[in-house]
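J.: structure for the following, please:
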Amino acid sequence: MKAWKTAFRGICFVFIAVSTSFGSTLNGGPGLLYTNSAWVQKPGHLTLKTHTRFFGKVKPNSAVTIWNVHGAFSLNYGVTDHLELDLSPVMYQDSHKGEGGKGYNLPDDIFMGLKLGSYRLFNNSLSYGAVLQARFPTADNHNLVFEPYSAPSVSWGLTGLMTYSQDPLYPEDNLNVHFNLGYFNYNDVGEKLSEDTDLDTIKVRSMTQEFQYRMGIKIPSAEFDFSLELFGNAFLQKPPKETAYSLENYIYLTPGVTYNAARWISLIFAADLRLSGDNDESLYYFDEKVGEMPNYPAWRINLGLKLHLLPTSVYKVSEKDVLIQKAESRRELFEQIIREQRETESAEEELERIKNERRKAERELERLRRILEGESKSNEPQPED
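T.: Numbers count the residues shown, from 1 in each chain. A predicted model of the protein is given here:
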């Protein structure tokens, strides 16, 4: 067992060394559909989350229907109380390459990530953390219309996480709010985004960079969890408009509901509603079928399934056992709260002692002033009779 743990730590170290980015479209761990939580997966817990996203529209002034389908899954494993690893391959993605091409990526790109979190502030109501993640370009085609910009190179970035919980003792069982702010670098200088022979000489000259932001609120209940998310991006350096599609900033609003069928399985439904306009800055269309359409869909439907794979005891425990486990897991938190309360009380006592000393010092100064005034009067020359 000790050798296995040593080997696993070595694998984790290698994983950390190569995983340095943010940007996956799917959040498989604690949190919402897109917005990551500052909490990490519990140690020894492994979850699987599947995700399908699609939209369809009839092209204006034609009878052509355009579909876009995205399919992915995410494996998330809790290593320690503050460390989580994830693997998120995109298994299927429409590429819209027309009749002359395959028309899809199977598989698409792979995301690997590292998450540090579950650090607490302000009486444990506020948690913070960070995500490092790398995108590996295993797909045949990149720079796809109707999808966020992607490049045929290893991309990297970093995001900060913050989570507020209404009840720090049982955070996941009560209202919680999540905030993400990240920087993403596509590492695409010198890349050719188009396969057209006429555009062979047009390559990316300035590295594409952007900020990504996500925020969401979750209202949990026994069977249904309701959520609302807002996410988008802001390019710091855009890709070349002659060969890139999705080079505009976007904003989406995502209401969602999760049905908790059992402790180990949940069903997810959500809808992405684009709030940003139909601005189209790109000059490049390789397929007339998708020309003159916005680069981002106005809406998308999301369907998902989340399974708790490890530990297997999650399938066997009763409600009583769950309550006992929760009480045990909160014991350290209770002790910390008691310590902080004692420290606060001690600090208040010290402050009161300082106030008393100050009042005593002020009284002594007043007595000294009166004595000095009295001596000054006694030393004054007396008038002669």
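J.: show me the strands in this protein, by range?
T.: With strands called from DSSP state E, the chain shows them at 46-58, 65-80, 83-94, 104-105, 110-121, 126-136, 155-165, 176-185, 209-219, 224-237, 251-262, 265-274, 299-310.
J.: reformat those strands as JSON lines; add distance to Leu193.
T.: No exception for glycine: its C-beta is placed from N, CA and C like everyone else's. Listed next are the strands of the chain as JSON lines, based on distance: least, C-beta to C-beta, whole Å:
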{"stretch": "strand 46-58", "distance to Leu193": "23"}
{"stretch": "strand 65-80", "distance to Leu193": "19"}
{"stretch": "strand 83-94", "distance to Leu193": "16"}
{"stretch": "strand 104-105", "distance to Leu193": "15"}
{"stretch": "strand 110-121", "distance to Leu193": "20"}
{"stretch": "strand 126-136", "distance to Leu193": "16"}
{"stretch": "strand 155-165", "distance to Leu193": "14"}
{"stretch": "strand 176-185", "distance to Leu193": "16"}
{"stretch": "strand 209-219", "distance to Leu193": "16"}
{"stretch": "strand 224-237", "distance to Leu193": "14"}
{"stretch": "strand 251-262", "distance to Leu193": "24"}
{"stretch": "strand 265-274", "distance to Leu193": "23"}
{"stretch": "strand 299-310", "distance to Leu193": "23"}
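J.: what's the closest of the ones you listed to Glu350?
T.: strand 110-121 (23.0 Å; C-beta to C-beta).
J.: and that closest one, what other elements does it pack with?
T.: Applying 3 or more C-beta pairs under 8 Å, 6 or more residues apart in numbering; DSSP states H and E, we find strand 110-121 packed against helix 2-18, strand 83-94, strand 126-136.
J.: and with 6 Å instead?
T.: If contacts are counted by 3 or more C-beta pairs under 6 Å, 6 or more residues apart in numbering; DSSP states H and E, strand 110-121 sits against strand 83-94, strand 126-136.
J.: returning to what we had before: can I get the strands of the chain in JSON lines with mean pLDDT and distance to Pro148?
T.: As requested, the strands of the chain are exported to JSON lines (pLDDT from 0 to 100; distance: least, C-beta to C-beta, whole Å):
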{"stretch": "strand 46-58", "mean pLDDT": "93", "distance to Pro148": "12"}
{"stretch": "strand 65-80", "mean pLDDT": "93", "distance to Pro148": "10"}
{"stretch": "strand 83-94", "mean pLDDT": "94", "distance to Pro148": "11"}
{"stretch": "strand 104-105", "mean pLDDT": "92", "distance to Pro148": "14"}
{"stretch": "strand 110-121", "mean pLDDT": "94", "distance to Pro148": "13"}
{"stretch": "strand 126-136", "mean pLDDT": "95", "distance to Pro148": "11"}
{"stretch": "strand 155-165", "mean pLDDT": "96", "distance to Pro148": "11"}
{"stretch": "strand 176-185", "mean pLDDT": "96", "distance to Pro148": "10"}
{"stretch": "strand 209-219", "mean pLDDT": "97", "distance to Pro148": "9"}
{"stretch": "strand 224-237", "mean pLDDT": "97", "distance to Pro148": "7"}
{"stretch": "strand 251-262", "mean pLDDT": "96", "distance to Pro148": "10"}
{"stretch": "strand 265-274", "mean pLDDT": "97", "distance to Pro148": "12"}
{"stretch": "strand 299-310", "mean pLDDT": "95", "distance to Pro148": "12"}
